[in-house]
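*Asks:* Give me the fold of what follows.
(2 chains)
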Amino acid sequence: MNAETPTNYLDPKTLEQIRRLDVRARLIVEGFITGQHRSPYNGFAVEFAAHREYVPGDDLRHIDWKVWSKTDRLYIKEYEEETNLDCHIILDCSQSMAYGKEQGWSKFDHGSTIAASLGYMMQQQQDAVGLELFSNAVDLVLKPSTNPSHIRSMMHHLEQTKPAKQSDVDGVFTKLAAQVKRRGLLVLISDLFFSEAQLAAGLESFRLRGQEVVLFHVMHGDELTFPFDENTLFKGLEVDQQLLVDPKSLKASYLQTMEEFLTRVKRVATSVGVDHVLVDTTKSLGAVLSGYLAFRQKVRRKRR
Amino acid sequence: MSFITAWLTNPWMLGAGALAVASPVIIHLLNKRRFKIVTWAAMEFLLEANKKNRRRVQLENLIVLLLRCLAMLLLGLLLARPFLPSGLSELLQNTQRFERIVVLDDSVSMMATEPDGTPWQSAIEGVNSLVRQMADSQTDDSLTLILTSRPESPVMIAEAVTAETVDSVLLELEGLRPSDFPADYRGALRYVDQYLKNAAPGLNRILYVLSDQRSKDWNDGSLGEDAEAPAGHLRQLSNETAGTYLVDLSATNEQNIAVIAVRQERQLVVGSVSRFEVDVKNWGKQAVRDIQVEFRIGQGQPLIEKLPELNADETATVVFQHVFPRSTSAALSQSLRTQDGGTTSPNVPVYTSLARQDEDEPLGWMPVNQDAGKEFQDIPVEVTLTLPQTKLDGLRDDSQYHYVARVLDRIPVLLVDGDPSSLPIRSETYALLPLANSDTGIATDLVTATELETVPLSKYQVIFLCNVDRISYDRVASLEQWVRQGGSLILFPGNRVQAASFNEVFYREGKGLSPVELREIAGDPTRQASVSMEPDSQPHPFLQRLVQIDAGIFSRTNVFSWWTANVNPQLEPTVVTVPMRLTDEGRSPALVDRVLGQGRVIYWSVGADADWSDWPSSPSYIVVMFDMVREVVEGSLKVPLATVGQDLIETVDLGRYRNQVRLEGPELQQWETVAQPGGTFTNATKSKSTADAVDENNDEGEPSSDADPTVPPAAGTVDQSGNVPDTKTVFYEAMFARLPQRGIYKVKLKPSEAGDDHVRLVATNLEAREGELTLVDRTQLASWVGDKVELVTLDAVGTQSVDVARDEFWFQVLLALLITLGLEQFLACWFGTRRT
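*Replies:* The predicted model follows:
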């Protein structure tokens, strides 16, 4: 595949080269989504934007008959849609998300790119996008807004944030749920390295607030495949423990433990009606976005 | 340290191995120090996995580590070349105990005279001192003693030598004497090999080969190709024993003279001059002077001859002549002459009394014996060498040689007259009658053609068929059998013979007795014209004597009539010759000589009487006939001569004797056996299993065969040729296996009717090479037997501090090492796959 093909932009290795998050997000969204997506939301307040000449294929409902009666020409009335959807993007910025920084592309990088891309995309669709960052506390709350400057502020914060602190979500989710006023979409991006009970409680509280929740479970490739073979001293990022071990001797057992973890997470998500999308940082971002799109399709179908 | 060195060839190698055991541990530790650091997010899962896994992984690692350590240790052990020592495996094995296997050369060469006694004495002393030491050591050691003369029956097998038994063992050793058998090292070592293979394990076995190291025993020229060659075999055996010692019995005297053969020139007949040749060999490396050769016939005065000089490795032949007198005369006149370069010593008459010999002397004149109808006497002959310097004759035993002169009492000749007449001068055989002159040793019987049908042929050695026209087919068949067994038939066809009937009976289209097919009578019956006879340029033995005297004697004969004949073209030129022809146009054969089986068929084309030629009335006629008879009789009696260790097979005519045959040895030992049907021993492989016929320990003369000797075998079913049943000539064979010593043996045959035993003599001598005392090159011998065989002197036997069983087990260690390495690889791989 050529370097110019759009999907290549979604490759983490390529994205890694691009420092600015807004550019990164635009590249992703434009390269991948433009022309494929239509806002499914018919807002209450529709503000007229402009006329343009009818071209075959346009919806007849949007023809401005008044103009036709006056000018005998077919014009399409274009509106600026305004949705009533608030999108909350909640990103985990605990220390565990920093894994992979040494190799160049951390889980946090991956997560923030997802957040930026989604935010950009939402903004393009005139949805209000908010951003919340959390670790062992709520670190940042940007309330949803459709203002273009808002998205820039979002990007700025994402760029500035470095993962630190431990992820102790006890109470964090409750606080975050309290921030959510209106029904809408909630995207949780995290490695979920906390207890299932906390996760279940958090997701439940979001659901009770009438939120559609998409869970992007960011895992580093190393964490999923454990590709070490030399003697390694593992130092805990969040826990103050270290382990000198021959990785080969542990691999099978570790992978099994990991598999069990993923299964448990999936079960929890399913039990509260949340879409669980496993995101491998070594894989293309396409998976993330298609996961998102799949979710939106589902929502649209529900609406209709 | 001594514990270590007691079972390791290179102990420091094991030390190196032990040090190397640390290397896997060190590598492991070094590996532990080399690691990379990863700050890890999913630490919880890792810790959990580690918790679940730790014990198993530790165990696996430990196993692999131990295997690696073991491999290093085994490598060290392998390089240290361990062997099973007595100390270490004492509990498991009886290696502190020793079995000493002694192979002792007891051949005659061990009796060679040395300045300090014979090698045999030294050997026995050596074994004695070994036995005493074994008894003193109180270790319950045992002794196996094998003699090279009879390896299959050792003197002792694993006999415990303790303070209690030592005396009886020494006594047994004292009773040993060297045998006359040649040293059978092959057999002895093969026995040891077999013995070691079958012996119970766990005992240190030390092999001593006590040998005088003669070249003939050790350097048998087949080294390399022959795995059974003594030196090569000993090399193999050295790998199977705790120690192998080739003990040099330090023989130094290689000088020896010996009588190696005695030959008679022709068949010995009473009354005629007999000639003997004695071969004397100098086996040594320096010339010997003034060898006195004594030739003693029977109990007579010895003939003495001196050999002035015999060079190293040279064989000289000394000739003795003797006339055997008639045994029937009370006073035996021995006309003794020695011949040396043409000078003849005066005849020395010797008078001995037959009666005296019969009473006192076992080896005097033997009574007239009969074999297949031939009467003969067996007379013992002894040849002895003496030297002025005895040290030049290292071995006295082979300076004496035994021989048996088998003397025909007379040559029995049958004259068959096909044209008899009441006037002797008119009969066909008249010209042949002078053959029976008492000086010739020939006895003739005269019969007619009709009487021939009933005459026992086996009584005769020569049969003349003079002008015999026709005889029955049965008789022809028995004649042919008789010829094949050694008889000689002389054919003189004459004017009464019809060509057709002669050819039908004797020629049988080439398959019959006659070497020629008669055609017709030629010549001039009116005796006006004549031809003469012409011998070959190379005169035939019959004719040789006469031709030498007078070369033209046959050309002066006048032959008026003769038979023309064709020589049988089917016969090979090697069996039929025409030594004389007539000078007629067709150059008809005058004399044809054919070899058939053991016997001869001779054809003369001129008649036996003077009707057809003037030759029979010439004196040369009877000379030719006499020479012919002597010539055809030669070799008809085999010389009873054997070598020690050979089997003696005696033919027994069941028509005359019982099948029970006794043998009396030189020291009056007695053996007895039962004769078996002919061909049992001569044709079949002479297996040693029949050796039970001779029981050397059976001095009482008890029959050692299981067969009932009182039941005579069915006569008339088997004869020597296996063809025509003839009750009068059933030959059985009696075998005595392995004649044990040199000397004169007596074969005693019991006549089927009442009467005294008939005794035949057999002379038995040492193997000719026994006198070859040349020593083997010791450097070469050492290289042949290999490093593991130690060449030691007799003093070292017994005092030899024998290394304990150096039974190296490096192969097992190597195997263990390979298994360990393989297992380590396999486990490491398996653990690895299980983890990933």
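
*Asks:* in the stretch 201-304 of chain A, what spans have low per-residue confidence?
*Replies:* Scanning the stretch 201-304 of chain A with the threshold set as pLDDT under 70 gives A:287, A:296-304.

*Asks:* Mind doing that once more with 80?
*Replies:* Applying pLDDT under 80 to the stretch 201-304 of chain A flags the ranges A:284-304.

*Asks:* which other helices and strands contact the longest helix seen in chain A?
*Replies:* Counting by DSSP state H, the longest helix found in chain A is helix A:247-271. Judged by 3 or more CB pairs under 8 Å, 6 or more residues apart in numbering or on different chains; DSSP states H and E, the packing partners of helix A:247-271 are helix A:196-208, strand A:211-219, helix A:221-225, strand A:275-280, helix B:43-79, helix B:810-835. C-beta: built from backbone N, CA, C; applies to glycine.

*Asks:* To B:Asp140, which of those lies closest?
*Replies:* When those are compared by CB to CB, helix B:810-835 sits nearest B:Asp140, at 28.9 Å.

*Asks:* quick check: angle from the closest one to helix A:247-271?
*Replies:* 20 degrees (axes from the mean of the first three to the mean of the last three CA atoms, to 10 degrees).

*Asks:* List the buried residues of helix B:810-835.
*Replies:* For helix B:810-835, a neighbour-count test (16 or more other CB atoms under 10 Å in any protein chain shown) marks B:810, B:813, B:816-817, B:820-821, B:824, B:828, B:831, B:835 as buried.

*Asks:* Same check on stretch B:545-559?
*Replies:* By 16+ other CB under 10 Å, the buried positions in stretch B:545-559 come out as B:546-547, B:553-554, B:557, B:559.

*Asks:* Same check on stretch A:244-259?
*Replies:* By neighbour count on 16+ other CB under 10 Å, the buried set for stretch A:244-259 is A:245-255, A:257-258.

*Asks:* Of these, which is the nearest to B:Gly599?
*Replies:* A:Lys248 (99.4 Å).

*Asks:* Which stretches in the stretch 451-600 of chain B count as helices?
*Replies:* B:473-484, B:499-502, B:541-549 (DSSP state H, counting those that start in this stretch).

*Asks:* For the shortest one, which helices and strands make contact with it?
*Replies:* Secondary-structure packing of helix B:499-502 (3+ CB pairs under 8 Å, 6+ apart): strand B:516-523.

*Asks:* CA-only coordinates of the strand it packs on, as CSV, when you get a sec.
*Replies:* These are the backbone C-alpha positions of strand B:516-523, laid out as CSV (Å, rounded to 0.1, in the frame of the first residue of the first chain):
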residue,chain,number,x,y,z
VAL,B,516,44.4,-102.0,-25.7
GLU,B,517,41.9,-103.3,-28.1
LEU,B,518,43.2,-106.3,-30.0
ARG,B,519,43.0,-106.3,-33.8
GLU,B,520,44.6,-109.3,-35.3
ILE,B,521,47.7,-111.6,-35.2
ALA,B,522,50.3,-110.3,-37.5
GLY,B,523,53.7,-111.5,-38.6
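
*Asks:* Not counting sequence-adjacent ones, nearest residue to B:Asp397?
*Replies:* Nearest residue to B:Asp397, sequence neighbours excluded (CB to CB, 6 or more residues apart in numbering or on different chains): B:Val108, at 4.9 Å.

*Asks:* My guess is that neighbour contacts B:Glu770. True?
*Replies:* Yes: if you go by CB atoms under 8 Å, B:Val108 and B:Glu770 touch, sitting 5.2 Å apart.

*Asks:* Need the residues touching each of the two.
*Replies:* Listed as contacting both B:Val108 and B:Glu770 by CB atoms under 8 Å, 6 or more residues apart in numbering or on different chains are B:395, B:398.

*Asks:* For the buried residues of stretch B:545-559, work out which two are farthest apart.
*Replies:* Pairwise distances across the buried residues of stretch B:545-559 (CB to CB) peak at 17.5 Å, for the pair B:Val547 and B:Val559.

*Asks:* confidence score at residue 67?
*Replies:* Defaulting to chain A. A:Val67 carries a pLDDT value of 89.

*Asks:* oops, chain B please
*Replies:* Per the predicted model, pLDDT is 91 at B:Leu67.

*Asks:* Same check on the one 10 residues further on?
*Replies:* In this model, B:Leu77 is scored at 86, pLDDT.

*Asks:* The one 10 residues further on too?
*Replies:* Reading off the per-residue confidence, B:Gly87 sits at a pLDDT of 42.

*Asks:* Start and end of stretch A:268-282, how far apart?
*Replies:* One end of stretch A:268-282 to the other measures 25 Å (CA to CA, to the nearest Å).

*Asks:* distance between it and the chain's centre?
*Replies:* Taking the mean of its C-alpha atoms, stretch A:268-282 sits 12 Å from the chain's own mean (CA atoms, centre = their mean, to the nearest Å).

*Asks:* Please list the residues outside that stretch that contact it.
*Replies:* By CB under 8 Å, 6+ apart, stretch A:268-282 touches A:12, A:100, A:105-107, A:109-111, A:114, A:189, A:196, A:199-200, A:203-204, A:207, A:213-221, A:224, A:262, A:265-266, A:287-288, A:291-292, A:294-295, A:298.

*Asks:* Pretty sure B:Pro308 sits against B:Asp290.
*Replies:* Yes: at 6.6 Å, B:Pro308 counts as touching B:Asp290 under the criterion of CB under 8 Å.

*Asks:* Please say which of these two ends up with more neighbours.
*Replies:* B:Asp290 (13 against 8; other CB atoms under 10 Å in any protein chain shown).

*Asks:* and that one, how far is that from B:Glu305?
*Replies:* B:Asp290 is 11 Å from B:Glu305, where distance means CB to CB, to the nearest Å.

*Asks:* near chain A, which residues of chain B show up?
*Replies:* Neighbours of chain A within chain B, by CB under 8 Å from any CB of the partner chain: B:31-32, B:34-50, B:52-53, B:57, B:60-61, B:831-832, B:834-836.

*Asks:* how many neighbours does A:Asn136 have?
*Replies:* For A:Asn136, the count of nearby residues is 18 (other CB under 10 Å).
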